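Peer 1: Model the following, please.
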Amino acid sequence: MRNSKSGFTLFAPSNDSIAAYPCNLLSAACNNDDMQPVIAKMASYHIVNAPMSVELLGRYGVASTPGGELTTTVVQHDDDDDDGGVVMFENGVSVIASYEFQDEMVQNVQDVNGNLVESSSVGGGKTCIVHEVDGFVCPEGLWGVLYEYFGEAVGE
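Peer 2: Sure thing, here's the model as predicted:
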């Protein structure tokens, strides 16, 4: 994300969606050296090295992540308030809220002793977008790897 010149997008599963998965499965996988590549692959699907608003996700129909491409569609619901619908990923996960902010560059001025004299915003920051999603956007097959590896031990 730091290498992106324009910013980034992060798909962050909501607390409720994380709680829907057996916590002992996630904990076991995160603490198992054999599963680290799988966890890293899962995480890589939640990052885009460019800022992508909900509108862009809907318009282009795809988000390119380090893990691979995620297909997106706009789904209309009866209760939508003329907001263009909800962006949904191919595995049924949808965006439930979005947050956008600017990462500002700050210039610090120091005296000869290294003491901070003043700080000022110099622009040139990056656009950062966090989409709260109602699940994990990675392919379901990665979850299958975890369930297969741990089986009954994690309360399947």
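Peer 1: Select the longest helix from the protein.
Peer 2: Taking DSSP state H as the criterion, the chain has its longest helix at helix 140-150.
Peer 1: Could you name the helices and strands sitting against it?
Peer 2: helix 23-30, helix 36-44 (3 or more Cβ pairs under 8 Å, 6 or more residues apart in numbering; DSSP states H and E). Quick note: C-beta positions are derived from backbone N, CA and C, even for glycine.
Peer 1: Including mean neighbour count, could those go into a markdown table?
Peer 2: Converted to a markdown table, the helices and strands packed on helix 140-150 look like this (neighbours: other Cβ atoms under 10 Å):
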| stretch | mean neighbour count |
| --- | --- |
| helix 23-30 | 15 |
| helix 36-44 | 15 |
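Peer 1: The residue lying closest to Ser120 once chain neighbours are set aside: neighbouring residues, count only.
Peer 2: Here the nearest residue to Ser120 in space, its sequence neighbours aside, is Gln107; by Cβ to Cβ, 6 or more residues apart in numbering that works out to 5.5 Å. Using other Cβ atoms under 10 Å, Gln107 has 11 neighbouring residues.
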